[in-house]
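**Student:** everything below, folded, please.
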Amino acid sequence: MGPGQRGFSIIEILIVVTIIAIIAAIAVPRLVDASQDARESALGTDLQMLRRQIRLYTEQHNTRGPHLDENGNPDTPNLVARMLGRTDPKGKLTTTGGFGPYMKTWPTNPYCAAAVASDIKFGTNAVPPRDGTSGWYYSTETCIVSPNSKTGGMEYDPPG
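**Tutor:** The predicted model follows:
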């Protein structure tokens, strides 16, 4: 440094670092809570929409869920196609069907890894296994979809 120039003392630097640490200790937990709240809100909104649209499909198709084909046989691979496409009154996928589409896209579960967040696991139990192998669990007995994540969304599980 040249004459007349003065740098910061170690005490001044420590005070600034301490102030920054205190601010970070207050702000970081709030950001984490906000992120958790956003995921929970997204899951709740998506689940409400899914359940409403599946219920509408079931009502329009004479109590036949979207997991069944036009002959009433299990056809779980086409559940999403039936919800995103058009169907006739029996549930047959057709471009000229009188019903659907019920939604534009199938949502992802924000609590699951990207590789499984949109996948659906099917079973007869009302309550999901919570194994995280898929983003969603669909009960073929109740036609109710639930989150299948290991964490998050447990309050949305149906009684069973």
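**Student:** just confirm Tyr137 contacts Ser149, I think it does.
**Tutor:** No - between Tyr137 and Ser149 there is no contact under Cβ atoms under 8 Å: 9.6 Å. (Each C-beta comes from the backbone N, C-alpha and C, glycine too.)
**Student:** so where's this protein shaky on pLDDT?
**Tutor:** Low-confidence regions of the chain, defined by pLDDT under 70, span residues 1-5, 160.
**Student:** could you pick out the longest helix of it?
**Tutor:** Across the chain, the helix with the greatest residue count (assigned by DSSP state H) is helix 10-60.
**Student:** which other helices and strands contact it?
**Tutor:** Contact partners of helix 10-60 among helices and strands, from 3 or more Cβ pairs under 8 Å, 6 or more residues apart in numbering; DSSP states H and E: helix 79-84, strand 145-147.
**Student:** and it, how far from the chain's centre?
**Tutor:** Relative to the centre of its chain, helix 10-60 is centred 15 Å away, using Cα atoms, centre = their mean, to the nearest Å.
**Student:** then stretch 143-160?
**Tutor:** Distance of stretch 143-160 from its chain centroid, counting by Cα atoms, centre = their mean, is 10 Å.
**Student:** any buried residues in that stretch, and which?
**Tutor:** Going by neighbour count (16 or more other Cβ atoms under 10 Å), the buried part of stretch 143-160 is 143-149, 152-153, 156.
**Student:** can you get me a residue count around the residue lying closest to Thr94 once chain neighbours are set aside?
**Tutor:** When the adjacent residues along the chain are set aside, Thr94 lies closest to Asp88, with 5.5 Å between them (Cβ to Cβ, 6 or more residues apart in numbering). Residues lying near Asp88 (other Cβ atoms under 10 Å) number 15.
**Student:** contacting residues for Asp88?
**Tutor:** Listed by Cβ atoms under 8 Å, 6 or more residues apart in numbering, the contact set of Asp88 reads 70, 94, 97-99.
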